[in-house]
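1. Next one to model:
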Amino acid sequence: MVAPDIVLETSPVWPVDRTLGIGCVGAGFIMADCHLVAYHAAGFRLVAITSRRREQAAEVAARFPGLSVADSLADLLNDDRVELVDVAVPPDAQLGVIEEICRKGRFVKGILAQKPLGVNLAEARRIVRCCEDAGKVLVVNQNMRYDQSVRACKSLLNAGVLGEPVLATLDLRAIPHWMPWQERQGWVTLRILSIHHLDTFRFWFGDPIRVFASVRPDPRTASRFPHDDGICLIVLEYDSGLRVSEWDDVWTGPAREGAAADIGIRYRVEGTEGLALGTIGWPKYPERAPSTLEYSTIHSNGNWERPRWEEAWFPDAFAGPMAELMRQVQEGVVADLNGQDNLRTMALVEACYASAREHRVIDFAEFLQQH
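-> Prediction:
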């Protein structure tokens with residue numbers, strides 16, 4: 001038997017019309033160097049930006065044609081060109097901003113919100129309900145789903161060429177740049193970094209039935225502020241028998257203190273008929289490092305397929321969630337990254353916190369019912 005030709009879907013499904021006006025709230029790194037760069041490259045229409053510090057918004061606006069500065073969120077919402085609002089503020093400021101958009105954004109049809117959606121699951125639910133009550137489409141910026149390697153692996157799984165998934169692992173060894181606002185939250189990795197991987201596993205395999213997590217502080221970050229969820233070890237169990245593990249090691253040894261470094265993200269998906277190996281390139285940012293994928297099946301005569309792409313997660317993948325928002329607003333195509341779906345990712349993160357805190361396995365369905 002010869003395996004069928006596989007089309008690896010790696011790009012977003014683009015909206016028919018890319019001219020919906022985008023207003024931006026926040027002018028930090030993620031907005032300036034990821035969102036806006038990706039939107040400009042995709043031909044999206046940028047119209048206005050506002051930030052707590054007007055001078056910072058002005059510096060960012062000067063880099064992008066057509067982008068004007070609004071003195072406040074109220075001014076941004078009074079601009080009838082702003083049909084979509086991209087919210088990139090710290091999680092503890094997100095609820096207030098989105099509530100104001102829902103109250104006063106009479107021209108606004110849709111909102112793109114950063115992950116994590118608020119500071120916890122309860123707040124995430126308030127945000128989703130607020131948008132639904134106001135008739136605003138909500139999409140959550142879980143942009144790892146638009147990394148080319150992640151989407152290509154999803155294509156393999158959808159086509160069944162790997163057979164039934166048996167074991168999937170992801171091993172992160174990286175030293176992220178933590179944001180200053182995390183100190184006041186008292187949490188580090190689970191809601192900021194692990195959430196990407198947990199959402200990707202949901203994208204690939206759906207919801208698990210059981211969750212176990214073990215965490216400890218990251219020695220490097222602990223010298224700055226106290227936290228529990230530095231290094232995170234997570235196991236997910238699926239009713240099919242599939243087992244998934246995720247090791248998020250943000251210490252990686254004393255690489256900043258003088259030892260040699262071993263930095264990178266590698267994942268592996270084993271099925272009954274094939275094996276996929278991947279790398280995620282973002283730890284090398286600002287160096288442009290596209291993620292990779294290679295796979296082999298029982299039909300490939302022992303050979304590896306090694307597709308490669310020029311795009312990189314940072315910043316190219318950030319166009320995908322905005323494309324989803326545009327398509328739902330314009331064409332009625334429900335976004336995969338819609339608010340209700342993201343509540344399940346937030347719940348999975350919360351289940352990990354509960355497992356680590358209580359030192360036990362969490363039944364995910366039971367956890368969802370209770371929370």
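
2. Please parse this structure into its domains.
-> 21-141, 144-313+342-366 (automatic domain parsing).

3. which residues in the stretch 51-200 of the chain form strands?
-> Assignment of strands within the stretch 51-200 of the chain using DSSP state E, counting those that start in this stretch yields the ranges 68-69, 84-87, 110-113, 137-140, 165-173.

4. contacts for the last one?
-> The one in question is strand 165-173. Residues from elsewhere that reach strand 165-173 (Cβ atoms under 8 Å, 6 or more residues apart in numbering): 157, 193, 197, 200-201, 204-205, 240-250, 252, 262-272. All C-beta atoms are positioned from the backbone trio N, CA, C, and that covers glycine.

5. Ok, the second one next?
-> Defining contact as Cβ under 8 Å, 6+ apart, one finds that strand 84-87 is touched by 20-26, 31, 35, 76-77, 94, 97-98, 101, 105, 108-114, 322, 325-326, 329.

6. Take those residues and keep only those in helices.
-> Judged by DSSP state H, helices contain the following of the contacts of strand 84-87: 76, 77, 94, 97, 98, 101, 322, 325, 326, 329.

7. and those residues as JSON lines, adding distance to residue 186 and neighbour count?
-> Listed next are the ones in helices among the contacts of strand 84-87 as JSON lines, based on distance: Cβ to Cβ, whole Å; neighbours: other Cβ atoms under 10 Å:
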{"residue": "76", "distance to residue 186": "31", "neighbour count": "26"}
{"residue": "77", "distance to residue 186": "32", "neighbour count": "23"}
{"residue": "94", "distance to residue 186": "17", "neighbour count": "24"}
{"residue": "97", "distance to residue 186": "22", "neighbour count": "20"}
{"residue": "98", "distance to residue 186": "23", "neighbour count": "27"}
{"residue": "101", "distance to residue 186": "27", "neighbour count": "24"}
{"residue": "322", "distance to residue 186": "31", "neighbour count": "27"}
{"residue": "325", "distance to residue 186": "31", "neighbour count": "29"}
{"residue": "326", "distance to residue 186": "36", "neighbour count": "30"}
{"residue": "329", "distance to residue 186": "36", "neighbour count": "21"}
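
8. For residue 371, find the nearest of the strands of the stretch 51-200 of the chain.
-> Judged by Cβ to Cβ, the one of the strands of the stretch 51-200 of the chain that comes nearest to residue 371 is strand 137-140, at 17.9 Å.

9. same for the closest one, what does it pack against?
-> On a contact count with 3 or more Cβ pairs under 8 Å, 6 or more residues apart in numbering; DSSP states H and E, strand 137-140 meets strand 110-113, helix 121-134, helix 319-331, helix 339-358.

10. I'd like to know which of those is closest to residue 150.
-> Closest to residue 150 of the helices and strands packed on strand 137-140 is helix 319-331 (Cβ to Cβ; 10.4 Å).

11. any idea what sits nearest the residue positioned nearest the centre of the chain, other than its immediate chain neighbours?
-> When Cα atoms, centre = their mean is applied to the chain, the residue found nearest the centroid is residue 142 (2.5 Å). Distances taken as Cβ to Cβ, 6 or more residues apart in numbering place residue 199 nearest to residue 142, at 4.6 Å, with adjacent residues excluded.

12. Surely the one you found touches residue 345?
-> Yes: the pair residue 199 and residue 345 qualifies as a contact (Cβ atoms under 8 Å) at a distance of 4.5 Å.

13. so what sits against both of those two?
-> 115, 142.

14. Quick one: end-to-end length of stretch 212-227, please.
-> 19 Å (Cα to Cα, to the nearest Å).

15. For it, give the mean pLDDT please.
-> For stretch 212-227, mean pLDDT rounds to 95.

16. Could you give me the buried positions within that stretch?
-> 212, 213, 215, 217, 218, 220, 221, 227 (16 or more other Cβ atoms under 10 Å).

17. try stretch 296-303
-> Buried residues in stretch 296-303, counting neighbours by 16+ other Cβ under 10 Å, are found at 296, 297, 298.

18. now do stretch 197-217
-> 197-205, 207-208, 210-213, 215, 217.

19. just how off-centre is the helix or strand bottoming out on mean pLDDT in the chain within its chain?
-> Within the chain, no helix or strand scores below helix 182-185, which has a mean of 91 by mean pLDDT, DSSP states H and E. Relative to the centre of its chain, helix 182-185 is centred 20 Å away, using Cα atoms, centre = their mean, to the nearest Å.

20. Stretch 68-84 now?
-> On Cα atoms, centre = their mean, the centre of stretch 68-84 falls 26 Å from that of its chain.

21. Buried residues of that stretch, list them for me.
-> Buried residues in stretch 68-84 (16+ other Cβ under 10 Å): 68, 69, 70, 73, 76, 77, 79, 82, 83, 84.

22. Which residue, other than its chain neighbours, is closest to residue 326?
-> Among residues not flanking residue 326 along the chain, residue 15 sits closest, at 3.9 Å (Cβ to Cβ, 6+ apart).

23. My understanding was that the one you found contacts residue 322; is that so?
-> No: counting by Cβ under 8 Å, residue 322 is not a contact partner of residue 15; they are 9.1 Å apart.

24. Quick one: neighbours of residue 181, just the number.
-> 13 (other Cβ atoms under 10 Å).

25. check contacts around it.
-> So residue 181 contacts 90, 91, 92 (Cβ under 8 Å, 6+ apart).

26. Poorly predicted segments of the stretch 201-350 of the chain, please.
-> Judged by pLDDT under 70, the stretch 201-350 of the chain has no weakly predicted residues.
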